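Trainee: Quick one: sequence plus predicted model below, questions after.
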Amino acid sequence: PNPDANASPLLPGNWQLICTFKPGANVSFTDLDSWRRYLTGKGPSPIQALVTGNTRQVNGVYQMLDLGEKNRFDNIVKFSDTAFLNITAKVEDKPDDTLIRFRFWEGNFIFKSSPIDGKPFAEPQTVPYPVPFKILSLFGDETLGSLRTIYLDEGVRVSQGNKGSFFVFKRVEKLPTADDEEEKEEIPSPSLVAAASSSPSSSSKKYPVIICPAQFGIAPDYDELIDRLQKRGHEGVYTADLARLEWLRIIPSAFTEEYWTGNLKPNKTLQFYYDAITRTYEQVRRAHPESKINFVGHSIGGWVLRSWLKEHLSPEEQKYVVASVTTLGTPHNPPPEDSVWKNFDQTRGLLKFINAEVPGAYLDGVPYACVVGNATRGNVQKISSIGALESAVAFVSYLPLCGDGNVDGDGIVPIRTGLLEDAKCKRIIINGAKHTGFLPSPGPSIKAPEDWFWYGAEDCIDEWAHVLI
């Protein structure tokens with residue numbers, strides 16, 4: 001504890017939020033009670049919960065304290081390497097040695113590249129945050145807040161907000177919005193030949209794995225799958241570095257001619273996903289410079305992965321680094337040519353483009369496997385049970401994907417859609433396996449019960465993980 005925190009030279013500087021919690025509180029952006037408690041001054045902000053989560057580890061939230069000439073602090077939310085939200089607060093006063101009272105003053109979204117096509121700007125562009133803090137400050141104390149420092153040392157700071165939430169920070173050298181004028185750390189240049197000839201270090205060790213998430217999926221959704229693959233001997237298991245809000249970068253494509261004509265290209269529409277896979281790939285290459293890598297794609301992550309492997313890896317990397325490619329419940333195939341649904345392309349041209357440019361098991365010499373569950377037959381009938389509801393949902397999902405709703409699949413993807421039409425691709429159909437084990441939400445995903453049988457379940461993994469090397 002530091003009783004004179006406000007006067008300490010340790011307090012100013014750049015901090016990264018690593019977790020936040022409020023004892024006894026369960027806050028959700030979608031929960032009416034959370035909003036009632038917040039509006040009556042008895043609970044923390046549901047908007048804060050949307051960004052940082054609830055009593056959980058936090059990624060991508062930073063704070064800069066300047067208690068000198070500027071007398072302010074900036075709260076920064078990192079959505080991606082090129083998109084940020086910066087909310088500035090002015091210090092009002094310091095009633096005692098550990099308390100700082102502040103007033104939110106202004107906010108801006110900051111873009112280093114275009115959110116539409118990913119092209120970098122010569123200078124960062126700002127868009128005002130749609131909350132008029134300066135005007136609101138004229139009508140009361142809604143923009144006021146406070147932070148009390150309850151612990152402070154060279155590397156860690158713990159503060160408590162005026163609504164009772166605790167915030168744990170670690171010190172960082174610079175903020176993510178800073179221009180990196182220093183020479184970037186170079187990724188070691190491993191010998192690709194060494195990677196090609198490498199083998200796991202022992203019979204109990206296997207190559208690392210990169211998981212490409214389903215739509216709106218993020219890394220924490222796969223924590224159990226990661227843990228289970230590691231226990232099965234893989235040296236490291238990683239998930240593509242996606243943030244939930246990055247999925248919103250798909251929206252601008254809906255206002256383009258390519259969308260309405262069904263000619264979207266993944267390198268424009270899904271550049272944020274490509275960037276996430278690339279960041280994770282580089283991380284794995286640094287950690288395992290002479291190792292091959294297994295790639296696993298869940299749902300649409302499977303066909304995004306197929307495209308990324310072609311567009312972002314050199315021929316040498318494709319040959320020497322890729323150990324295997326496995327997809328889990330991925331809708332690979334379009335509806336049949338004679339189907340009335342042929343012209344109803346849910347991907348607006350993305351899957352058509354990928355299948356034309358990266359057909360089947362595209363990488364020579366690399367083992368491919370398509371895994372799909374046989375859990376639910378689509379059917380529309382009177383919904384009198386959970387099973388009947390699952391069948392109805394499956395029917396609605398299967399129909400536009402394969403032109404027939406009365407077929408078998410994992411509840412979202414029909415079997416015939418989830419298997420690449422290539423004899424070189426191993427096909428695995430798992431009885432009872434459902435499409436997913438989580439439901440994405442604005443905050444933390446809603447996890448299925450422990451006994452839910454999906455591709456990442458303990459009893460299901462061994463049905464397909466043997467294809468990983």
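Mentor: Cool, got the structure.
Trainee: drop to CA atoms for contacts and neighbour counts, all remaining ones
Mentor: Will do.
Trainee: what about the helices in the protein?
Mentor: 32-39, 46-52, 133-136, 192-197, 223-231, 257-260, 266-269, 271-287, 300-312, 315-320, 350-357, 386-402, 415-418, 458-461 (DSSP state H).
Trainee: Can you tell me which of these is most buried?
Mentor: Burial of the helices of the chain is given as mean neighbour count (mean count of other CA atoms under 10 Å); helix 415-418 ranks first at a mean of 24.
Trainee: follow-up on the earlier one: of the helices of the chain, which approaches residue 107 most closely?
Mentor: The closest of those to residue 107 is helix 133-136. By CA to CA, the value is 8.1 Å.
Trainee: average pLDDT across that closest one?
Mentor: Helix 133-136 carries an average pLDDT of 64.
Trainee: okay, stretch 225-242 in CSV with CA atoms only?
Mentor: Extracted in CSV, the C-alpha atoms of stretch 225-242 (Å, rounded to 0.1, in the frame of the first residue of the first chain):
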residue,chain,number,x,y,z
LEU,A,225,-10.2,-27.0,-26.3
ILE,A,226,-6.8,-25.4,-25.9
ASP,A,227,-6.3,-27.1,-22.5
ARG,A,228,-7.4,-30.5,-23.9
LEU,A,229,-5.1,-30.3,-26.9
GLN,A,230,-2.2,-29.3,-24.7
LYS,A,231,-2.9,-32.3,-22.4
ARG,A,232,-2.7,-34.5,-25.5
GLY,A,233,0.9,-33.4,-26.1
HIS,A,234,0.9,-30.4,-28.3
GLU,A,235,3.8,-28.0,-27.5
GLY,A,236,1.6,-24.9,-27.7
VAL,A,237,-2.0,-24.2,-28.7
TYR,A,238,-3.0,-20.7,-29.9
THR,A,239,-6.2,-19.0,-31.1
ALA,A,240,-6.1,-16.4,-33.8
ASP,A,241,-5.9,-13.0,-32.1
LEU,A,242,-9.4,-11.7,-32.8
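Trainee: who touches that stretch?
Mentor: 204-213, 217-219, 222, 273, 276-277, 279-280, 284, 456-458, 465 (CA atoms under 8 Å, 6 or more residues apart in numbering).
Trainee: so where is the chain shaky, pLDDT-wise?
Mentor: 1-2, 22-59, 131, 133-142, 179-204, 342-343, 382-386 (pLDDT under 70).
Trainee: on that earlier part again, tell me which of the helices of the chain approaches residue 16 most closely.
Mentor: helix 46-52 (11.9 Å).
Trainee: could you measure the nearest residue to residue 162 once chain neighbours are set aside against residue 95, distance?
Mentor: In space, residue 162 comes closest to residue 146 once its chain neighbours are excluded; the distance is 5.2 Å by CA to CA, 6 or more residues apart in numbering. In this structure, residue 146 and residue 95 are 10 Å apart, going by CA to CA, to the nearest Å.
Trainee: right, and residue 218 touches residue 245 too?
Mentor: No. The pair residue 218 / residue 245 is not scored as a contact, 9.9 Å apart, by CA atoms under 8 Å.
Trainee: thinking again about what came up before, so can I have a markdown table of the helices of the chain showing distance to residue 344?
Mentor: What follows is the helices of the chain, written out as a markdown table (distance: least, CA to CA, whole Å):
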| stretch | distance to residue 344 |
| --- | --- |
| helix 32-39 | 37 |
| helix 46-52 | 34 |
| helix 133-136 | 45 |
| helix 192-197 | 42 |
| helix 223-231 | 34 |
| helix 257-260 | 11 |
| helix 266-269 | 18 |
| helix 271-287 | 24 |
| helix 300-312 | 17 |
| helix 315-320 | 33 |
| helix 350-357 | 12 |
| helix 386-402 | 7 |
| helix 415-418 | 15 |
| helix 458-461 | 33 |
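Trainee: Residue 338: how many residues sit nearby?
Mentor: Neighbour count for residue 338, taken as other CA atoms under 10 Å: 8.
Trainee: count of neighbours near residue 178?
Mentor: 7.
Trainee: Just list whatever residues bridge to the nearest residue to residue 61 once chain neighbours are set aside.
Mentor: Using CA to CA, 6+ apart and skipping the chain neighbours, the partner closest in space to residue 61 is residue 77 (4.6 Å). Assessed by DSSP bridges, residue 77 has beta-bridge partners residue 61, residue 85.
Trainee: Please tell me how far stretch 313-323 is from the chain's geometric centre.
Mentor: Centre-to-centre, stretch 313-323 and its host chain are 25 Å apart (CA atoms, centre = their mean, to the nearest Å).
Trainee: May I see the buried residues of stretch 81-91?
Mentor: 82-91 (16 or more other CA atoms under 10 Å).
Trainee: what comes into contact with it?
Mentor: Residues outside stretch 81-91 that contact it (CA under 8 Å, 6+ apart) are 67, 71-79, 100-113, 129, 176-177.
Trainee: Mark which of these are buried, thanks.
Mentor: 67, 72-79, 100-113, 176-177.
Trainee: sorry, back to before: residues that sit against both of residue 146 and residue 95, list them.
Mentor: With CA under 8 Å, 6+ apart, residue 146 and residue 95 have common neighbours residue 101.
Trainee: When those two are compared, which one has more neighbours?
Mentor: A count of neighbours by other CA under 10 Å puts residue 146 above the other of residue 146 and residue 95, at 19 against 9.
Trainee: Neighbours of the nearest residue to residue 115 once chain neighbours are set aside, how many?
Mentor: Of all residues beyond its chain neighbours, the one nearest residue 115 is residue 249 (6.1 Å), with distances taken as CA to CA, 6+ apart. Using other CA under 10 Å, residue 249 has 18 neighbouring residues.
Trainee: Equivalent analysis for residue 336, please.
Mentor: With other CA under 10 Å as criterion, residue 336 counts 14.
Trainee: now residue 69
Mentor: With other CA under 10 Å as criterion, residue 69 counts 6.
Trainee: How about residue 153?
Mentor: Neighbours of residue 153 using other CA under 10 Å come to 15.
Trainee: Equivalent analysis for the one 3 residues further on, please.
Mentor: Neighbour count for residue 156, taken as other CA under 10 Å: 17.
Trainee: Please give me every residue in contact with residue 334.
Mentor: 342, 345, 351-352, 401-402, 417.
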